[in-house]
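In: just the structure for this:
(one chain, ligands or ions: 1)
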Amino acid sequence: MILTHANKVFDLKDMFEAGTDSVFKAIEWAMAELIRHPHIMKEVQEEIREIIKFKPKVEENDLHKIQHSLQLVIKETLRLHPPTSLFTPRESLENTKIQGYDIHAKTRVIINAWAIGRDPVSWEDPEEFWPKRFLNSTIDYKGHDFELIPFGAGRRGCPGIMLAIATVELALANLLYQFDWSLPDGLSGQKLDMSEIFGVTTNKKDPLVVIATPHERIICKI
Ligand code: HEM
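Out: Next up is the predicted model:
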């Protein structure tokens, strides 16, 4: 099956390859950060549980109601842990100058979204997981604000962005709504190892292992 987007042609295999691992990584990093910051997790859970009440699960048409704090968490996760850290290489067409650097024609340029998201020139306390930094900010990840480009920007930008965000939101919303989360052996979230294996994609060195306890209000109703 062939799909087109912005005059580019993809087959269905491209979409699966590009779309599954990155979504999974975004969810894993978000959960890891929330386990490390239990007060933020609690805030998001309370907001979702208050809005969804006793429904057995969050459905797609609920998302617009609960987007607020969840959106902040997703933005902050994608800033600190963009699943695709190094983008598809580009080649400059002509000689140009960017921020004082001469870039010759036919230079291969690789964009590092991971470094951009942690640039202290753009971000206060860049290493901190602090979703509320986006509260009064118009910065978004859709490719117009170059401080935050986890999906790339321009014509090579991710064609799956809308599906990606909806999938990450729905999965995270349900994980947070239906379960309470802790680490094995009573380990404190602050001890969670956040080391990364850095490459074209950013993987957690140790996969996240967590204990899910069904939330009691929901068990009563099932
Ligand atoms: C959180 C999830 C995702 C992230 C962070 C992400 C990020 C990216 C990035 C950074 C690029 C390269 C952009 C560039 O080089 O400028 C890309 C390309 C691409 N993405 Fe995504 N993506 C995600 C999910 C998806 C999904 C769900 C699909 C499709 C179902 C998808 C399909 C693609 C395809 C086909 C390309 C290649 C575009 C091209 O070669 O021009 N992505 N993505």
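In: from the centroid of the protein, which residue is nearest?
Out: In the chain, the C-alpha nearest the mean C-alpha coordinate belongs to Leu78, at 3.4 Å (C-alpha atoms, centre = their mean).
In: give me the number of residues near the spatially closest residue to Thr107 that is not a sequence neighbour?
Out: Nearest residue to Thr107 in three dimensions, chain neighbours excluded: Ser92, at 4.8 Å (C-beta to C-beta, 6 or more residues apart in numbering). (Each C-beta comes from the backbone N, C-alpha and C, glycine too.) The local packing of Ser92 (other C-beta atoms under 10 Å) involves 14 other residues.
In: measure Pro214 to the ligand for me?
Out: 27 Å (C-beta to the nearest ligand atom, to the nearest Å).
In: show me what contacts the residue nearest to the centre of the chain?
Out: Leu78 makes contact with Ala26, Gly117, Tyr141, Leu148, Pro150, according to C-beta atoms under 8 Å, 6 or more residues apart in numbering.
In: check which helix or strand covers Val213.
Out: Heads up, residue 213 is Thr, not Val. Assigned by DSSP states H and E, Thr213 belongs to strand 211-214.
In: so, low pLDDT: which residues of the protein?
Out: 1-18, 217-222 (pLDDT under 70).
In: what helices and strands are in contact with the longest helix along it?
Out: The longest helix of the chain (DSSP state H) is helix 12-36. Secondary-structure packing of helix 12-36 (3 or more C-beta pairs under 8 Å, 6 or more residues apart in numbering; DSSP states H and E): strand 2-5, helix 38-52, helix 63-80, helix 161-178, strand 179-182, strand 203-204.
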